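K.L.:
Coordinates for the following, if possible.
(one chain, ligands or ions: 1)
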Amino acid sequence: MAEKKEKFYITTPIYYTNGLPHIGHTYTTVVADVLRKYKKMRGYDVVMTTGTDEHGVNVERAAKKAEIPESEFVARMADAWRALWDELGLTADEFIRTTDLQHVRTVQWLFRLCKENGYVYKGHYTGLYCIYDNAYVSEPKPGNLCPDCDRPLETVTEENYFFKLSAFQKPLLDFYKKFPDFIQPESRKNEIVSFVEGGLKDLSITRTTIRWGIPVPGEEPHVFYVWFDALTAYLSAVGGPEYEKRGMWPADVHLVGKDIIRFHTVYWPAFLMAAMLPLPKQVWAHGWFLMDAAKMSKSKGNVVLPRPIVNMLGMDALRYFLLREVVFGQDGNFSYDALVTRYNSDLANGLGNLASRTAAMLEKSFAGKVPKPGAFRPADNALAKEAQNAIGEVLERYDKYEFARALEAIWSTIAAADKYLTTEKPWALGDSPEEESRKATILWTTAELLRIVTVLAHPVLPESTAKVWRLLGQTAALDATEMDGLRWGQLVPGLSLGKLQALFPRVEKAEAIERIESMANEELHPAPAAATPAAGAAAAGAAPAASPSEKIGIEDFTKVEMRVGQIKTAERIVGADKLLKLMVDIGSETRQICAGIAQFYEPESLVGRKVVVVVNLAPRKMRGVESNGMIVAASIGPEGRPVLAGFTEDVEVGARLK
Ligand code: MSP
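P.N.:
Numbers count the residues shown, from 1 in each chain. Next up is the predicted model:
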């Protein structure tokens with residue numbers, strides 16, 4: 001390994017702040033995160049940046065609608081984006097906001113360089129402008145509609161500063177030729193090359209019609225065109241004018257969606273050429289996730305949200321699905337059906353099952369220790385060869401951004417191990433020394449394969465592979481394990497195994513989909529605050545209590561019907577760690593009720609217990625599970641620990657409380 005690590009700088013686009021992330025945005029960020037983890041495991045010094053694109057008319061309008069200043073609006077939105085990425089475990093090294101001072105300075109500096117080098121001039125511009133895409137449109141659709149988003153265009157005339165994009169036709173074409181990998185995938189490259197060959201018009205890079213933007217120094221009311229502003233974020237995130245000190249620029253890869261490739265492969269390199277700054281090494285454009293064959297957008301009402309999926313199936317499941325389901329670079333359809341099918345087949349039955357089978361056999365036969373293998377037979381050697389070959393193949397696939405193929409190769413070794421166990425049948429072997437030794441060889445071989453799979457799958461499945469890693473008794477940090485040093489045969493006999501935590505509990509498809517959709521619905525159309533006591537609140541105490549001075553009449557109290565109920569069954573709910581699902585007999589019937597007490601009561605301890613139930617509450621869904629009533633509990637201490645109300649005498653089920 002070289003003394004000084006080679007650097008690798010990855011960017012995601014900076015996201016617009018007039019909406020919140022859906023699965024499309026999550027996709028780009030997940031890929032960046034996978035790449036960040038992968039490159040670290042290949043020994044690089046990696047920086048990954050993301051952020052928010054906060055200027056422009058759309059924000060101006062959204063803030064006006066929300067009746068708050070733009071600065072406050074974007075601060076809230078940036079917090080929401082950052083919080084969601086954190087919740088999803090997507091860790092960027094830098095989160096850049098275009099309202100950050102560092103960024104403002106960088107944009108003004110870049111403009112000055114372009115101007116000093118003679119590539120900026122003042123002129124007038126009249127054109128049709130799409131305020132949603134922040135771009136002038138030269139070929140509108142009939143009816144003056146935007147060809148990209150189908151929304152009405154606006155005619156705009158203004159005095160602008162222009163960037164001499166026309167001067168860069170030849171330099172750009174030469175650059176694409178000299179660096180044939182700059183635009184990926186190849187199909188996109190052809191599209192861009194023909195666009196540039198068709199001739200480039202100068203580009204207006206300042207606006208006077210917009211107020212909410214970065215001011216052009218000394219030229220107020222000019223503010224920068226959002227794309228001149230936004231693209232520069234890649235540079236401001238790693239030092240701006242002092243980029244050389246940080247040593248990360250130029251970017252090694254800009255990950256983008258195919259809709260914004262032109263900005264990244266034509267405008268951005270031209271701005272940098274004009275300023276005589278180093279150019280990014282690569283722009284990788286992925287396709288879209290489509291819903292019902294259309295690009296997701298809130299206005300079409302076909303967005304898929306990440307949070308409900310993660311609540312139900314876990315973050316690793318979402319990451320796996322996004323990368324496994326479509327070839328990186330192409331469009332793909334998103335469907336909950338396919339998501340849950342893959343979850344059950346590849347994760348629960350594939351990796352999850354192999355890990356739990358292996359753990360159980362090692363526990364039973366070798367007291368939870370990695371056994372010392374005996375003599376290897378051809379079947380063992382064949383599996384070893386398959387796993388060893390997979391290492392090379394998987395690394396090559398990751399390097400080429402062929403994530404689906406990398407996962408396919410990993411999963412085919414998992415399938416090979418399943419087959420190996422089925423043929424070798426370690427469970428059928430007895431206690432004689434020969435049979436013990438054979439069992440040790442088979443289980444060591446399986447555990448070793450699992451170790452290799454764990455390292456290789458870690459960039460995509462960080463949470464679950466960390467669990468398998470601990471199971472295998474490994475103490476070194478998994479994310480710092482160098483993939484280049486990975487070889488068959490490194491599993492040390494004698495290691496004590498850790499405990500296996502549940503990896504991917506199998507789910508019932510229809511129920512899982514219903515719950516994901518219902519959680520998404522709750523998130524997209526939140527009920528008014530008063531109607532949704534926090535999920536953690538189990539009791540009537542959760543509803544806003546009347547203040548002590550405010551008295552209610554008996555007629556108000558009698559509206560609440562409370563009965564004695566008896567808990568028949570209690571179970572945890574996948575994806576909702578605070579909730580228990582209870583079946584409660586209330587005399588006349590048995591009700592399904594959700595209670596936010598899972599962190600304080602073991603489900604088994606509740607069966608048979610008599611409780612107080614509010615029976616005439618309107619049904620509602622909690623984390624996608626229907627709840628018909630409420631269990632009464634006291635709320636104790638500052639954290640509101642629930643203590644179930646009950647009786648010291650035996651009381652009849654169904655009795656009414658008065
Ligand atoms: N703010 C600009 C980017 C400026 S970068 C200097 C922007 N923002 S965006 O929020 O609209 O989109 C960001 C990214 O999300 C784009 O790469 C876009 O392609 C991606 N996606 C948005 N919807 C998508 C899908 N349905 N599927 C996959 N990715 C898509 O553009």
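
K.L.:
can you map out the helices along the stretch 551-658 of the chain?
P.N.:
Ranges of helices in the stretch 551-658 of the chain, per DSSP state H, counting those that start in this stretch, are 554-557, 603-606.

K.L.:
and the gap between the residue of the chain most remote from its centre and the ligand?
P.N.:
Of all residues in the chain, E649 has its C-alpha farthest from the mean position, at 51.6 Å, by C-alpha atoms, centre = their mean. Counting by C-beta to the nearest ligand atom, to the nearest Å, the separation of E649 from the ligand is 61 Å. Quick note: C-beta positions are derived from backbone N, CA and C, even for glycine.

K.L.:
Read off the pLDDT value for that residue.
P.N.:
On pLDDT, E649 comes in at 89.

K.L.:
Would you list the phi and psi of it?
P.N.:
Phi and psi for E649, reported as degrees, to the nearest 10, are phi -110, psi 160.

K.L.:
ok, back up a step: rebuild the helices of the stretch 551-658 of the chain as a markdown table, extending it with mean pLDDT, mean neighbour count and distance to M291.
P.N.:
Formatted as a markdown table, the helices of the stretch 551-658 of the chain follow (pLDDT from 0 to 100; neighbours: other C-beta atoms under 10 Å; distance: least, C-beta to C-beta, whole Å):
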| stretch | mean pLDDT | mean neighbour count | distance to M291 |
| --- | --- | --- | --- |
| helix 554-557 | 83 | 8 | 46 |
| helix 603-606 | 93 | 14 | 36 |
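
K.L.:
And these: which comes nearest the ligand?
P.N.:
Closest of the helices of the stretch 551-658 of the chain to the ligand is helix 603-606, at 39.5 Å (criterion: C-beta to the nearest ligand atom).

K.L.:
just checking, what packs against the closest one?
P.N.:
strand 562-573, strand 576-585 (3 or more C-beta pairs under 8 Å, 6 or more residues apart in numbering; DSSP states H and E).

K.L.:
Just list whatever residues bridge to the closest residue to the ligand within the stretch 51-200 of the chain.
P.N.:
Here the stretch 51-200 of the chain gets closest to the ligand at one residue, D53, 3.5 Å apart by C-beta to the nearest ligand atom. Judged by DSSP bridges, the bridge partners of D53 are Y16.

K.L.:
Might you report the residue contacts of it?
P.N.:
P13, I14, Y15, Y16, T17, T98, V226, D229, A230, A233 (C-beta atoms under 8 Å, 6 or more residues apart in numbering).

K.L.:
returning to that earlier point: out of the helices and strands packed on helix 603-606, nearest to I410?
P.N.:
strand 576-585 (28.8 Å; C-beta to C-beta).

K.L.:
Okay, angle between that closest one and strand 562-573 too, please.
P.N.:
140 degrees (axes from the mean of the first three to the mean of the last three C-alpha atoms, to 10 degrees).

K.L.:
Flag every residue of the stretch 201-350 of the chain that's near the ligand.
P.N.:
A230, L231, A233, V256, G257, D259, I260, W288, F289, K295, M296 (C-beta under 6 Å from any ligand atom).

K.L.:
if you set the cut-off to 5 Å instead, what comes out?
P.N.:
Proximity of the stretch 201-350 of the chain to the ligand (C-beta under 5 Å from any ligand atom) is limited to residues A230, L231, V256, G257, D259, I260, W288, F289, M296.

K.L.:
Just among those residues, which is most surrounded?
P.N.:
Most neighbours among these, by other C-beta atoms under 10 Å: A230, with 27 neighbours.

K.L.:
residue contacts, the residue in the chain positioned nearest to the ligand?
P.N.:
Of all residues in the chain, G257 sits closest to the ligand, at 1.6 Å by C-beta to the nearest ligand atom. Counting by C-beta under 8 Å, 6+ apart, G257 touches P13, G24, T28, A285, H286, G287, W288.

K.L.:
follow-up on the earlier one: switch the helices and strands packed on helix 603-606 over to TSV; also include mean neighbour count.
P.N.:
Shown next, in TSV, are these (neighbours: other C-beta atoms under 10 Å):
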stretch	mean neighbour count
strand 562-573	19
strand 576-585	21
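
K.L.:
Distance to L395 added to the ones you listed, as TSV?
P.N.:
As requested, the helices and strands packed on helix 603-606 are exported to TSV (distance: least, C-beta to C-beta, whole Å):
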stretch	distance to L395
strand 562-573	39
strand 576-585	36
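
K.L.:
so where do the helices sit in the stretch 151-300 of the chain?
P.N.:
169-178, 186-197, 226-231, 233-236, 243-246, 261-262, 268-275.

K.L.:
So, low pLDDT: which residues of this structure?
P.N.:
In the predicted model of the chain, residues 1-3, 527-549 satisfy pLDDT under 70.

K.L.:
Give me every residue in it lying close to the ligand.
P.N.:
Residues of the chain lying near the ligand (C-beta under 5 Å from any ligand atom): 13-16, 24-25, 27-28, 53, 230-231, 256-257, 259-260, 288-289, 296.
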